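Trainee: Sequence first, then the predicted structure:
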Amino acid sequence: MYRFIRRLGIIILTLVLVSFSVFLLQSLSPGDSSAYLLAEEAGEEERAGYRESMGLDDPFLLRYASFLSAFISGDWGMTANGLDIQEIVMRRFPVTLSLAVISITMALAISVPLSMLAACNKAAGRIAAAASVAIMSLPSFLTAVFLILIFSVWLGLFPPAGYIAPGDSFTGFMRTMFLPSLALALLHSSLYLRVFRKALAENLAKPFSISMLAMGVKRSELVVRSAFRPSLPVLASLIAGSFVASAAGSAVTETIFAIPGIGSLLVDAALTRDAALSGVLVILIALAVSAANALFELLLFFADPRARRG
Amino acid sequence: MRRIAAGLAVLGIVIIFAAAVAGDAYADGSARFLPPSAEHPFGTDSMGRDILTLIGSGILVSLSVAVPATALSALGGLLLSFGFAGRRFPSAAVIAVSDSMRSLPPIILALFLNALSGPGMAKIVAALSIGNMPSIARMCHARIAVLRTEGPAVAAECMGVSRLGIFIYHILPHLVPYLSAQCVSVFSASILTEASLSYLGCGVPPQLPSLGSMLADARGAVLTHPAIAIWPAAFLLAIGIALELVAKGIDEVSR
């Protein structure tokens, strides 16, 4: 019970801390909207009147309080081009969410069988380790470009960029999301591989495994049936870390693959110097990641009895 | 031990190489897309700049972002964790704050700072340090909490050694392996993040060369002139693998 309250507290703390820093940094930037919205010839009195009505002269904490309450109630304002932020974000958020979920699933699907194979076969293990080192050392945009080169240009299997909503065509959705999710999944898997292999190795060295080997159970059977399950919990904390990594990786990946998600929106905002939009996005991303971690921990609590003991 | 030496050796060679070839790569419009030659050992890029010089300067720029960022996050993480390890409430506060900061990856922070006032090295370093501080703080905090209850530290406290003295003589030496492993991973993450940011156009200011922006320029020309993309990628890979070797070596040695 205590830990849920703690998790909730962390989410609220994240909201406050991040929104405060965002607001602070935004206010430190020079200029305010009276410069754009009033005509050039507007006199000092008009400017003063405008500022008073918009509350621009209020003390800092008061302005922050109204900023925070506006954020919570969903009034996120407009982008520099006059588009409604809430509408755009609500449209793009599920896209990034599905990218994150699909990539984590793919990463598990790649790394778990590969680790088990590596546990049985030493040569495969070394190849997998070398491959994961290589992938981790490359920046994510390079792996993405290589994937496009291999799968789109040479093999012609998947479209190099673009996005089709699942409502329009489910196969189109799967095809356009495959490469970007794979790019993110490769990033996640290099970490998963390393940790899961270590966990498997530890479980294979435990007394129960040694006695089963002595009794004549084949190593591969031992890996699949007995060492696999105890090693699963380590993946839990890895998956929690993957939420943050997905948020970070989505910025580059979505830009390269032209996926209309939150990451590419943030990059656009950064390139067009849109302070309001990027502020909202940053707060949202931080909130989303903490909420995802909290939900995941909730899930674990119900799934794994050992997690309940703390 | 051998791995650490090998990794550091590769890094050293890369750095010395970069320092040797770095310089002012001026754009020569008449010399665009030249193949490798005696004057331009790696060829020239789309604006006629010598790729070799660009790579050298680019690596130095990446280093000058990654080194301060790593140092600052290590320092910040240490200060945060040391100051409060042991006392119950501030300790919980530090953990809570660093947990909440952990949900903000450094690249997102850097993009936000970019949106406010354009690209800049100080911004990237700030975003990277703040973004990486929580994980170092968390790890140090956990370690310090354990170390403080062990023999030498307790004995020193009983003898009246000041907290700072205990920290320097008894706790810090044991933190070094964990701290250095974390620092290596923060360092390689910083290099990759800087490359990604420059690729997107939100990294170092456009006048400064960077491996990431070289790769961004190469996008259009990669099929006809692969040299523009291959060399930056190769050097990034080399630096990454060297850092991985060092990290694995530290892992081995500390066990």
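Mentor: Thanks, I have it. Please read these numbers as outputs of a predicted model, since none were measured by experiment.
Trainee: From residue B:151, how far off is residue B:240?
Mentor: 40 Å (CB to CB, to the nearest Å). The C-beta positions use only the backbone N, C-alpha and C, and glycine is treated the same way.
Trainee: of the two, who's got more company?
Mentor: residue B:240 (21 against 9; other CB atoms under 10 Å in any protein chain shown).
Trainee: How about that one, nearest residue that isn't a chain neighbour?
Mentor: residue A:137 (2.4 Å; CB to CB, 6 or more residues apart in numbering or on different chains).
Trainee: correct me, but that neighbour touches residue B:246?
Mentor: No: using CB atoms under 8 Å, residue A:137 is not in contact with residue B:246, being 12.0 Å away.
Trainee: ok, these two, which is more surrounded?
Mentor: Set residue A:137 next to residue B:246 and count neighbours by other CB under 10 Å: residue B:246 wins out with 25 against 21.
Trainee: Make sure the more buried one is indeed in a helix.
Mentor: Yes: the assignment for residue B:246 is a helix, going by DSSP: H, G, I helix; E, B strand; the rest coil.
Trainee: Would you check how far apart the residue nearest to residue B:240 and residue A:249 are?
Mentor: Distance from residue A:137 to residue A:249, by CB to CB: 15 Å.
Trainee: Check the gap between the residue in the stretch 1-150 of chain A that chain B sits nearest to and residue B:235 for me.
Mentor: Closest approach of the stretch 1-150 of chain A to chain B (CB to the nearest CB) occurs at residue A:137, with a separation of 2.4 Å. Going from residue A:137 to residue B:235 by CB to CB gives 11 Å.
Trainee: do residue B:42 as well
Mentor: On the measure of CB to CB, residue B:42 and residue B:235 end up 11 Å apart.
Trainee: anything in contact with each of these two?
Mentor: residue B:55 (CB atoms under 8 Å, 6 or more residues apart in numbering or on different chains).
Trainee: Let me know how buried the nearest residue to residue B:99 once chain neighbours are set aside is, in neighbour terms.
Mentor: Excluding its sequence neighbours, the residue lying closest to residue B:99 (CB to CB, 6+ apart) is residue A:10, at 5.2 Å. Neighbour count of residue A:10, defined by other CB under 10 Å: 20.
Trainee: Which other helices and strands does the helix or strand hosting residue A:10 contact?
Mentor: Element membership for residue A:10 (DSSP states H and E) is helix A:2-28. Identification of packing neighbours for helix A:2-28 by 3 or more CB pairs under 8 Å, 6 or more residues apart in numbering or on different chains; DSSP states H and E yields helix A:60-72, helix A:275-303, helix B:88-101, helix B:106-117.
Trainee: burial count for residue 229?
Mentor: Since no chain was named, I'll use chain A. Residue A:229: 10 neighbours (other CB under 10 Å).
Trainee: oops, chain B please
Mentor: 21.
Trainee: what pLDDT does it get?
Mentor: For residue B:229, the pLDDT comes out at 80.
Trainee: is it true that it touches residue B:215?
Mentor: Yes: here residue B:229 reaches residue B:215: they are 6.0 Å apart, a contact under CB under 8 Å.
Trainee: Could you pull out the buried residues of the helix holding residue A:10?
Mentor: By neighbour count on 16 or more other CB atoms under 10 Å in any protein chain shown, the buried set for helix A:2-28 is A:6-7, A:10-11, A:13-15, A:17-19, A:21-23, A:25-26.
Trainee: pLDDT (mean, whole number) over it?
Mentor: So the average pLDDT for helix A:2-28 ends up being 85.
Trainee: re earlier: would you turn the helices and strands packed on helix A:2-28 into CSV with mean pLDDT and distance to residue A:94?
Mentor: Shown next, in CSV, are the helices and strands packed on helix A:2-28 (pLDDT from 0 to 100; distance: least, CB to CB, whole Å):
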stretch, mean pLDDT, distance to residue A:94
helix A:60-72, 83, 20
helix A:275-303, 86, 11
helix B:88-101, 77, 24
helix B:106-117, 89, 19
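Trainee: Nearest to residue B:142 among those helices would be which one?
Mentor: helix B:88-101 (9.2 Å; CB to CB).
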